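Trainee: Provided below for reference: sequence and predicted model.
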2 protein chains.
Amino acid sequence: MNLNNVFAAVKKASRSLNCMTDETINKILLALADETEAQADFILAENQKDLDKMDKSNPMYDRLLLTNERLSGIASDIRNVASLPSPLGKVLKESVRPNGLSLKRISVPIGVVGVIYEARPNVSFDVFSICLKSGNASILKGGTDAHASNTAIVSVIHSVLDRFGVDKNIVALLPAGREATGEMLVAVDYIDMIIPRGSAGLINFVRDNAKVPVIETGAGVCHLYFDQSGDLKIGSDVIFNGKTRRVSVCNALDCLLVHESRLTDLPALCHRLSEKNVELFADEKAYSVLRGNYPSGLLNKATSESFGKEFLDYKMAVKVVDSVEQAIEHIAEYSSKHSEAIVSADENSIAMFDNLVDAACVYTNTTTAWTDGAQFGLGAEIGISTQKMHARGPMALEELTTYKWIIKGNGQVRS
Amino acid sequence: MNLNNVFAAVKKASRSLNCMTDETINKILLALADETEAQADFILAENQKDLDKMDKSNPMYDRLLLTNERLSGIASDIRNVASLPSPLGKVLKESVRPNGLSLKRISVPIGVVGVIYEARPNVSFDVFSICLKSGNASILKGGTDAHASNTAIVSVIHSVLDRFGVDKNIVALLPAGREATGEMLVAVDYIDMIIPRGSAGLINFVRDNAKVPVIETGAGVCHLYFDQSGDLKIGSDVIFNGKTRRVSVCNALDCLLVHESRLTDLPALCHRLSEKNVELFADEKAYSVLRGNYPSGLLNKATSESFGKEFLDYKMAVKVVDSVEQAIEHIAEYSSKHSEAIVSADENSIAMFDNLVDAACVYTNTTTAWTDGAQFGLGAEIGISTQKMHARGPMALEELTTYKWIIKGNGQVRS
């Protein structure tokens, strides 16, 4: 397989987006939302072909499944993207130098964004619409399990682009299978950024093999530290919410760190978790206090495996620490730099935590469940970056731009 | 060799920088500037050991050479870094959500920055001082040719850090040789960003083998397009300046694109270049006009090798194009996305060039020689990024930061 022709066509098409107004982009997005609803029967029939190949007991089945209701939700999301302000053409810095040169730093599209994802066909719509709104062409590498669905979705997108006379190569769906992924990762002349969305295995594979710059997203090993001065009601509420709101998402809580002076409050902090049958993996001190105060069938002794683990399940580790410093050390060792929280009433502890915890999002007295572009008021997002370069936390429209320095002179030369 | 202990020590030390005030950082930098001058004899003696191993005819000899004057210049650069405003702790975005959550996006250090460079010992001072000012620990991988010099420099830095009671692991010099480079490139748990500085070969090696995120810097294949409406005096001046100011730097001009309606002006545009014996590699049309109007010993026919080449020498390619669109196409094919210029009096051509040329810096009616952090008013810089992610163009203090979301609540949970 040689996909360089495909990549080159997308690169070329991406340049045409520099001349497209936000008004046109929004018209295309609104037309796509309508067309998605109008073509629901076609999309669902193609989706059924994928579903037929998957066992219904597979946990991925529900992610693969499209329905009329889900397509309406997708159409509504696309309309929402159209309603957001354009992230392009913003003057980020501006100056006139003593020699009269005028400098402007202006936000521009990144160019070509490649996204590698698993069996969620809705991601194809998300990526295309967010990339188009931010002036980027997109290369979609969806999961093999969803290939018929993705092919149908991209054909619907292409039909809308055709109607607007837009080069349809601003979005390309790659063939199913690993080989296409491999070619993508080294296409440095054509692809400007790759975002892997999915399991830790996929993300590590991409990071380890890519020559194209990568934004790592989604791995969330999230901690909550309950400080000596923490409010019990707040602690209990935000632990329950952080752990049980949706266990399969990256901002879900994985580990509770509790100050040893509050050991006697540990059963109360964890009490509500038993309503949802959350299994605890408690270190020795925590175990000794929880035993008899938490359902025994849900209480385990922690092992070294229990820490630094993203459970994505009704499971949580519990560890006792002797200070905020020790909590911070634990987080430094085990965090995936996604979302970390402290529950405390002590300004010094909070300041130290904010300052020393190295993560995209650091919370005080609230839940890690907030880490999300829409909840942050950023609109749609394409993932949560756990990197420190380029973008950190929600990757919304602005995070899908780069900038250009535009310098105007009248013949100045440098001595 | 297993450098993970070294890397881990630097990572740990980097956290201590989160608690250091800008005032302390500046005191350390000023003390280092003084100590660099006080220890000049020692540094120069160690530098001499490196120089003794290199042939004086080697073009790297001058880059390796330190002198009292150069050390004074270095000390002055360090004092300048101390005088710059801190890039840290800036509130980049701020909002209060309808549910009362307060969000702040705040600039913070990247953490540990690794820099790989060749035989320029002054880079060791530059990297350390710029990284310290931006709150980052640094890992230095200098060239083998400069190892005695770099060892001396880092020992001077360590002696100053000792005096201030600062963990000296905030800067580490790695052993000479390729093996250390290899270990650095995969140290994803310890190093947050790697910047290769040097030849295209080094940069490509790093990009192709790194698992740690990389900022590519310095490759500059720079074009100037002289438009149909271009002013002859401005064109002649900025071509001369862009090509001959310093041929060994990345912002030097490599290729002149000239609109065919201005072919008769080509000899005048190029005339001054002959003062500096600039060799031209002209395409057929350009050659036919230059023949007899440019010194024959300096005039060559262009080959396919002449375009997309960073000459770093008194050499320049010349090509005739029929439109601004064709100039833009040529640049899209051959540019390294560093610095590109147009000389024109036509607003439409200029707007099209600004909009469609994909480069860090796009100039109108002035020279590409301006691409430099200090010239842009950004202060000291660590290189010119030719990437589109994270930072583009001069990598000054702000570009060595990332951000963190700090979210404050009073018990809010997400439904």
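Mentor: Arrived safely.

Trainee: and A:D50, helix, strand or coil?
Mentor: Classification of A:D50 by DSSP: H, G, I helix; E, B strand; the rest coil places it in helix.

Trainee: Enumerate every residue touching it.
Mentor: Contacts for A:D50 (Cβ atoms under 8 Å, 6 or more residues apart in numbering or on different chains) come out as A:64, A:119, A:121, A:145-149. Quick note: C-beta positions are derived from backbone N, CA and C, even for glycine.

Trainee: any idea how far it lies from chain B?
Mentor: 31 Å (Cβ to the nearest Cβ, to the nearest Å).

Trainee: for A:E35, same thing?
Mentor: Distance, A:E35 to chain B, using Cβ to the nearest Cβ: 29 Å.

Trainee: Can you give me the pLDDT of that residue?
Mentor: What the model reports for A:E35 is a pLDDT of 98.

Trainee: try the one 3 residues further on
Mentor: Each residue has a pLDDT score; the one for A:A38 is 98.

Trainee: now swap in A:I350 and tell me
Mentor: pLDDT, read off for A:I350, is 98.

Trainee: Might one say that it is in contact with A:T364?
Mentor: Yes - checked against Cβ atoms under 8 Å, the pair A:I350 and A:T364 is within contact range at 5.3 Å.

Trainee: quick one: stretch A:166-185 near chain B?
Mentor: No - Stretch A:166-185 is not in contact with chain B by Cβ under 8 Å from any Cβ of the partner chain; minimum separation 11.0 Å.

Trainee: Give me the mean pLDDT for that stretch.
Mentor: 95.

Trainee: Ok, stretch A:321-332 next?
Mentor: Rounded mean pLDDT across stretch A:321-332 is 97.

Trainee: what ranges do the strands span in the stretch 51-200 of chain A?
Mentor: Per DSSP state E, counting those that start in this stretch, the stretch 51-200 of chain A carries strands over the ranges A:91-96, A:102-109, A:112-116, A:137-141, A:171-173, A:193-196.

Trainee: close to chain B, is the fourth one?
Mentor: No - Strand A:137-141 stays clear of chain B (Cβ under 8 Å from any Cβ), getting no nearer than 12.4 Å.

Trainee: which neighbours does that strand have in its sheet, and in what orientation?
Mentor: Strand A:137-141 sits in its sheet next to strand A:112-116 (parallel), strand A:171-173 (parallel), going by DSSP bridges.

Trainee: roughly how far is the shortest one from the heart of the chain?
Mentor: This means strand A:171-173. Relative to the centre of its chain, strand A:171-173 is centred 20 Å away, using Cα atoms, centre = their mean, to the nearest Å.

Trainee: Kindly report the same for the longest one.
Mentor: Here the centre of mass of C-alpha atoms in strand A:112-116, compared against the chain's by Cα atoms, centre = their mean, lies 14 Å away.

Trainee: what's next to it, contact-wise?
Mentor: A:7, A:10-11, A:14, A:123, A:127, A:131, A:136-141, A:181, A:184, A:187, A:190-198, A:202, A:206, A:212, A:382, A:400.

Trainee: Give me the ChimeraX select line for the contacts of A:D50, limited to the buried ones.
Mentor: Of the contacts of A:D50, the buried ones go into a single ChimeraX selection, burial set by 16 or more other Cβ atoms under 10 Å in any protein chain shown:
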select /A:64,119,121,145,146,147,148,149
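
Trainee: which one in the contacts of A:D50 is the model shakiest on?
Mentor: Out of the contacts of A:D50, that is A:A119, at 84.

Trainee: For A:L224, see how far away that residue is.
Mentor: With the distance defined as Cβ to Cβ, to the nearest Å, A:A119 ends up 31 Å from A:L224.

Trainee: and the lowest-mean-pLDDT helix or strand in chain A, how far from the chain's centre?
Mentor: Within chain A, no helix or strand scores below helix A:200-209, which has a mean of 89 by mean pLDDT, DSSP states H and E. In terms of Cα atoms, centre = their mean, the centre of helix A:200-209 is found 15 Å from the chain centre.

Trainee: Check which helices and strands the helix or strand just after that helix is in contact with.
Mentor: For helix A:200-209, the succeeding helix or strand toward the C-terminus, using DSSP states H and E, is strand A:222-226. On a contact count with 3 or more Cβ pairs under 8 Å, 6 or more residues apart in numbering or on different chains; DSSP states H and E, strand A:222-226 meets helix A:232-244, strand A:253-259, helix A:324-334, strand A:339-343.

Trainee: If we look just around chain B, which residues of the stretch 51-200 of chain A are in range?
Mentor: A:95, A:97, A:101, A:103, A:110-111, A:188, A:192-193.

Trainee: Test my guess that A:C255 contacts A:A302.
Mentor: No - under the criterion of Cβ under 8 Å, A:C255 makes no contact with A:A302, lying 9.4 Å away.

Trainee: Now for the two: what residues contact both?
Mentor: Common contacts of A:C255 and A:A302 (Cβ under 8 Å, 6+ apart): A:317-319.

Trainee: From these, pick the one nearest A:A282.
Mentor: Proximity of the shared contacts of A:C255 and A:A302 to A:A282 (Cβ to Cβ) peaks at A:V318, which lies at 4.3 Å.

Trainee: Correct me if wrong, but the closest one is in a helix.
Mentor: No - assessed with three-state DSSP, A:V318 is strand; it does not lie in a helix.

Trainee: Look up how far chain B lies from it.
Mentor: With Cβ to the nearest Cβ as the criterion, A:V318 and chain B are 20 Å apart.
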